[in-house]
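[1] sequence and predicted model, in that order:
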Amino acid sequence: MRFNNTIYIDNKMDSRFFRLTYEEKKLRDEGYELLAGIDEAGRGPLAGPVVAACVIFPKDLFLDGVDDSKKLSAAKRERVYGDIMSKALSIGVGIVDSETVDRVNILNATREAMDKAIMQCFVKPDFLLIDAVELKNCCLPQLSLIKGDQRSHSIAAASIIAKVTRDREMRIWHDVYPQYRFDKHKGYGTVEHIRLIKEFGLSPIHRQTFCSKFIQGYADEQ
C-alpha cells in the first residue's frame, strides 16, 4: 500500500491503516478537506483539569506511530507527540480547570475544553470528528464516534496531544503539591491517591464533586 510516499507491506500496518482512515476517507469522498479530530484527556481523574485537543492533518498524511493514546507507552506518546506537532496543519488545545468541572459538571467541562481547542486552531476545519461527544454550540458539521480514538487517525492524534499536555501539567502540579504524588498517578483514583486524600485532605486542584465520597467515607470511619 502506498500512502504519503510511503509503502507499507506489513499486514498489521495495513489493518491499522484501514481502521484509522476509513471514516476520514468517506468524508473526503464527500468533499470535505480540512478534517479536525478532537479528543480529551482527564474526564475520570479526581484532580486536575480536563484537556482537549483538536488536530487537523494535511490530506494524504498518515503518521505510522499514531494510535489510541491508551495503547501507547508514555515514552512512545512523547515521541509521537513531537511528530504530530511538526506535521499537522494546525493544532489547538483547550484546558478547563477543576473548579469549572465542579461548577458545570464533567461533560459540559469537556465540551468547553473542546470548543476552546477548536478556537485555538488557526486553520478553520470544515468537518469535526469527535470522540464520543456532540458539541451542541458548534455550527460546524460533526460526527461523534464511539471509540473514535481507535477509528480515526486525527482523533487518535488529538488523544495523544491531549494526554501528553495533561500529563505534563500534572507533573507541574506535583511540584506545587508533592504530597499527593500527581507525577505518578496524574490525578486518577488509584489506591495510593485515595489514601493520600484521606491523609492530607483535598488540594485546590481536586474535584470536590468527584472526591466527596472519599472524604465522607473517611469522616464516617472516625
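    That came in fine, so what should we check first? Numbers count the residues shown, from 1 in each chain.
[2] neighbours of the closest residue to residue 136 other than its chain neighbours, just the number please.
    Once flanking residues are discounted, residue 136 sits nearest to residue 111: 7.1 Å by C-beta to C-beta, 6 or more residues apart in numbering. In short, each C-beta sits where N, CA and C put it, glycine included. Residue 111: 24 surrounding residues under other C-beta atoms under 10 Å.
[3] can you give me how far the helix or strand where residue 111 lies is from the chain middle?
    Using DSSP states H and E, residue 111 maps to helix 106-120. Distance of helix 106-120 from the chain centroid (C-alpha atoms, centre = their mean, to the nearest Å) equals 11 Å.
[4] now for that helix, which elements pack on it?
    Applying 3 or more C-beta pairs under 8 Å, 6 or more residues apart in numbering; DSSP states H and E, one finds that helix 106-120 contacts strand 35-41, strand 50-56, strand 90-96, helix 98-104.
[5] angle of that helix against strand 35-41?
    Relative orientation of helix 106-120 and strand 35-41, computed by axes from the mean of the first three to the mean of the last three C-alpha atoms, to 10 degrees: 140 degrees.
[6] average pLDDT for helix 106-120?
    On average, the pLDDT along helix 106-120 is 98.
[7] buried residues in it, which are they?
    106, 109-118 (16 or more other C-beta atoms under 10 Å).
[8] could you do stretch 53-65 as well?
    In stretch 53-65, counting by 16+ other C-beta under 10 Å, buried: 53-57, 62-63, 65.
[9] now do that stretch: distance from first to last residue.
    18 Å (C-alpha to C-alpha, to the nearest Å).
[10] what distance do you get for the most centrally placed residue in the chain to residue 114?
    Nearest to the geometric centre of the chain sits residue 40, at 2.8 Å (C-alpha atoms, centre = their mean). Computed as C-beta to C-beta, to the nearest Å, the residue 40 to residue 114 distance reads 7 Å.
[11] hey, what's in contact with both of those two?
    Common contact partners of residue 40 and residue 114 (C-beta atoms under 8 Å, 6 or more residues apart in numbering): 52, 133.
[12] quick one: the strands in this structure?
    Under the criterion DSSP state E, strands of the chain are mapped to 2-3, 6-7, 35-41, 50-56, 90-96, 127-131, 142-145.
[13] would you turn those strands into TSV with mean pLDDT and distance to residue 189?
    Shown next, in TSV, are these (pLDDT from 0 to 100; distance: least, C-beta to C-beta, whole Å):
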stretch	mean pLDDT	distance to residue 189
strand 2-3	42	40
strand 6-7	38	41
strand 35-41	98	15
strand 50-56	98	15
strand 90-96	98	19
strand 127-131	98	21
strand 142-145	97	26
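[14] which of those strands sits most buried?
    strand 50-56 (a mean of 31; mean count of other C-beta atoms under 10 Å).
[15] follow-up on the earlier one: can I get the buried residues of stretch 53-65 in TSV with distance to residue 18?
    Shown next, in TSV, are these (distance: C-beta to C-beta, whole Å):
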residue	distance to residue 18
53	24
54	24
55	20
56	21
57	17
62	11
63	15
65	17
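[16] so where's the chain shaky on pLDDT?
    1-13, 216-222 (pLDDT under 70).
[17] the helices in it, which residues?
    For the chain, applying DSSP state H gives helices covering 11-29, 74-87, 98-104, 106-120, 153-176, 182-185, 191-200, 208-221.
[18] packed most tightly, which of those helices would that be?
    With a mean of 23, the top stretch among the helices of the chain by mean neighbour count (mean count of other C-beta under 10 Å) is helix 153-176.
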